[in-house]
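**Q** Dropping a prediction and its sequence here:
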Amino acid sequence: MQKKLLKTIKYKTYKYHIMKHITISILMLFTFLSGISQNYSGISKTHKIGSKVFESDREIRVFVPFSYTENSTQKYPTIYLFDGQFDALFDMTSGTVDYMSQMGELNEYIIIGVKTTHRPKEFTPMYTDDRTKESWGDTEIGKTNLLEDHLRDEIFPLVEKNYRVHPFRLAIGHSLGGTFVLNVLLTKPDFFQGIIAISPNVSYDYDQLVLRFDDFLKVNDTLKKFIFVSAGTVGNMENRFRKSAEKLDHVIKYHNPKELVYRFKVYDGENHSTTPLLTISKGLLEIAKIWTLSEEKKEELLNDDTKPFADDLKAFYSNLSSWANYTVNPSINQINTYGYDCLNADKIKESLTVFDWAIELYPNDANLYDSKAEALEKNNDLKQAKMYYKKALEILENTKEDYDSENYEYYKGIFSDHLNKIKSP
């Protein structure tokens, strides 16, 4: 069964109808979304940490997507959002990720909101110019090593113990939070594979980060990272930060390290408070270009008869794995959709190859067996189709504890209908 439109949602229309090319008006779309948004949103939970690093109680807030509760095996990349104590920023970020992933524009992520109690102290590296200390007065600064230790020794282990996560971590920080995520690329490069720095205070300590990035890139011609930096043009502070960010942009582009995916975006007319609205969505869309096949590229591969589509998919994920430094496979929903892309293109045998790969990756996902059964039925292999419809019901029963009662009854009804409607060979 294909999950279409909202990729993580059990779309309650038979797949035969879903597969048709339907033009949906914007009004109908948002009516549909409003009807299901309450039921299919992700959920968040707060964890308390007795921090030895800070010698005080700390908190993180963790958001998991809706699909997290639909299966017990799939793992997810993570987003670490700094300034997680600002609930509005956390809710905006998790809502944006939830919406974009359900619309198929973005991978699903687990989001960890890191709550800080003293931003200047925790987000800034030690100053190198005494004038910096004088300008900050009595405010404690330059202890970013504490937050780094807190992440490594306390937050990362908690998340990895309690949630199904992949090694890929993306960090997002605004203002001094942006300073921190840029700095941590230099001090702890293994922490994050990518960062989004929103209006970062790059002017801190007389452009310290600009100078350090220049020194780093002089001796490192490769930087296998994703970096998205933004700035606005309204307000004295924002323009000061922007001018320093432009210096950093010049340094990065001058050295042009290999394997770096880098974007710098200036938002004309935006101030320090409004840049997050644009940067988070745009930054996520940029990283999605790395992690997902664009519709245009997918169509190109489907229309290329010189090589099987499944081989192209495996090559894409092999290259992605090399960049990400761990084995990356398509999610259940992604690979299921790839199979239906082949069916839509009347490439039934290729769809069967994709579904076979999907079942190899996720042998306990009942819906994938139902999807392969449809491909077999379309190929007029009714005996095998019937066997796979039965297998879908068998897997569903064996993994019943992974579903709530509504989901279980829904899938059982759909799979049973598909089995009963097939004509015996």
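**A** Ah, there it is.
**Q** Can you tell me the strand partners of the host helix or strand of residue 57 and which way each runs?
**A** Assigned by DSSP states H and E, residue 57 falls within strand 56-64. With DSSP bridges as the test, strand 56-64 is paired with strand 43-51 (antiparallel), strand 110-114 (antiparallel).
**Q** okay, these, which one's buried deepest?
**A** Of all the strands paired with strand 56-64, strand 110-114 has the most neighbours on average by mean count of other C-beta atoms under 10 Å, namely a mean of 25. Every residue, glycine included, has its C-beta placed from N, CA and C.
**Q** can you give me how far that strand is from the chain middle?
**A** What separates the centre of strand 110-114 from the centre of its chain is 12 Å, taken as C-alpha atoms, centre = their mean, to the nearest Å.
**Q** Let me see the domain layout of this structure.
**A** 1-40, 42-291, 295-421 (automatic domain parsing).
**Q** before we move on, back to that, alpha carbons only: can I get the strand holding residue 57 in PDB?
**A** What follows is strand 56-64 as a C-alpha-only set of coordinates in PDB (Å, rounded to 0.1, in the frame of the first residue of the first chain):
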ATOM      1  CA  SER A  56      23.400  21.600  38.300                       C
ATOM      2  CA  ASP A  57      20.200  20.200  36.800                       C
ATOM      3  CA  ARG A  58      19.800  20.700  33.100                       C
ATOM      4  CA  GLU A  59      17.000  19.800  30.600                       C
ATOM      5  CA  ILE A  60      16.600  18.800  27.000                       C
ATOM      6  CA  ARG A  61      13.400  18.600  25.000                       C
ATOM      7  CA  VAL A  62      13.100  15.800  22.500                       C
ATOM      8  CA  PHE A  63      10.700  15.700  19.500                       C
ATOM      9  CA  VAL A  64      10.000  12.500  17.700                       C
END
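**Q** What residues sit buried inside that strand?
**A** Residues of strand 56-64 classed as buried by neighbour count (16 or more other C-beta atoms under 10 Å): 58, 60-64.
**Q** what do you get for stretch 66-74?
**A** Quick answer for stretch 66-74 (16+ other C-beta under 10 Å): 66-68, 70-71, 74.
**Q** which residues sit against it?
**A** 8-9, 40-43, 76, 98, 102, 108, 110, 164, 331-333, 362, 364-365, 399, 402-404, 407 (C-beta atoms under 8 Å, 6 or more residues apart in numbering).
**Q** Skip the chain neighbours and tell me the closest residue to residue 338.
**A** Excluding the flanking residues, the one nearest residue 338 by C-beta to C-beta, 6 or more residues apart in numbering is residue 354, at 5.2 Å.
**Q** meant to ask about residue 233, not that
**A** Using C-beta to C-beta, 6+ apart, the closest residue to residue 233 is residue 268 (5.2 Å).
**Q** what's the answer for residue 150, then?
**A** Leaving aside its chain neighbours, residue 150 sits nearest to residue 53 (4.5 Å; criterion: C-beta to C-beta, 6+ apart).
**Q** okay, now residue 367: neighbour count?
**A** Applying other C-beta atoms under 10 Å, we find 25 residues neighbouring residue 367.
**Q** what helix or strand does it sit in?
**A** Judged by DSSP H and E, residue 367 forms part of helix 366-378.
**Q** Just name whatever secondary elements that helix is in contact with.
**A** In terms of contacts (3 or more C-beta pairs under 8 Å, 6 or more residues apart in numbering; DSSP states H and E), helix 366-378 is packed against helix 332-344, helix 348-361, helix 382-398, helix 405-421.
**Q** Tell me which residues touch residue 318, please.
**A** For residue 318, the contact set (C-beta under 8 Å, 6+ apart) is empty.
**Q** hmm, 10 Å instead?
**A** By C-beta atoms under 10 Å, 6 or more residues apart in numbering, residue 318 lies in contact with 327-328.
**Q** Could you give the separation of the helix or strand hosting it from the chain centroid?
**A** Following DSSP H and E, one finds residue 318 within helix 309-324. Taking C-alpha atoms, centre = their mean, one finds the center of helix 309-324 at 17 Å from the center of the full chain.
**Q** Then stretch 265-281?
**A** 20 Å.
**Q** pLDDT value on residue 7, please?
**A** Residue-level confidence at residue 7 comes out at 36, pLDDT.
**Q** let me redo that: residue 295
**A** Checking the pLDDT column for residue 295, the value is 85.
**Q** so who does it touch?
**A** Residue 295 neighbours (C-beta under 10 Å, 6+ apart): 104, 341.
**Q** got any ranges where the chain has weak pLDDT?
**A** The chain contains residues with pLDDT under 70 at 2-40, 423-425.
**Q** what about 80?
**A** For the chain, the stretches with pLDDT under 80 are 1-41, 70-73, 104, 404, 423-425.
**Q** now the helices for the stretch 201-350 of the chain?
**A** 204-219, 236-255, 275-291, 295-302, 309-324, 332-344, 348-361 (DSSP state H, counting those that start in this stretch).
**Q** Point out the most buried one among the ones you listed.
**A** It is helix 332-344: most buried of those by mean count of other C-beta under 10 Å, with a mean of 22.
**Q** follow-up on the earlier one: neighbours of the residue nearest to residue 233, how many?
**A** A count of neighbours around residue 268, defined by other C-beta under 10 Å, yields 7.
**Q** check contacts around it.
**A** So, once contact is read as C-beta under 10 Å, 6+ apart, residue 268 ends up touching 232-234.
**Q** Who wins on neighbours among these?
**A** Per-residue neighbour counts (other C-beta under 10 Å) across the contacts of residue 268 peak at residue 232, which has 24 neighbours.
**Q** separation between that one and residue 271?
**A** From residue 232 across to residue 271, the span is 5 Å (C-beta to C-beta, to the nearest Å).
**Q** Show me whatever sits in contact with both of these two.
**A** Counting by C-beta under 10 Å, 6+ apart, the residues touching both residue 232 and residue 271 are 199, 238-239.
**Q** any idea which of those residues is closest to residue 393?
**A** Residue 393 lies nearest to residue 199 out of the shared contacts of residue 232 and residue 271, by C-beta to C-beta, at 53.2 Å.
**Q** now stretch 128-140: how far from the chain's centre is it?
**A** With C-alpha atoms, centre = their mean, you get 38 Å for stretch 128-140.
**Q** A helix includes residue 79, no?
**A** No: read with DSSP: H, G, I helix; E, B strand; the rest coil, residue 79 is strand and lies in no helix.
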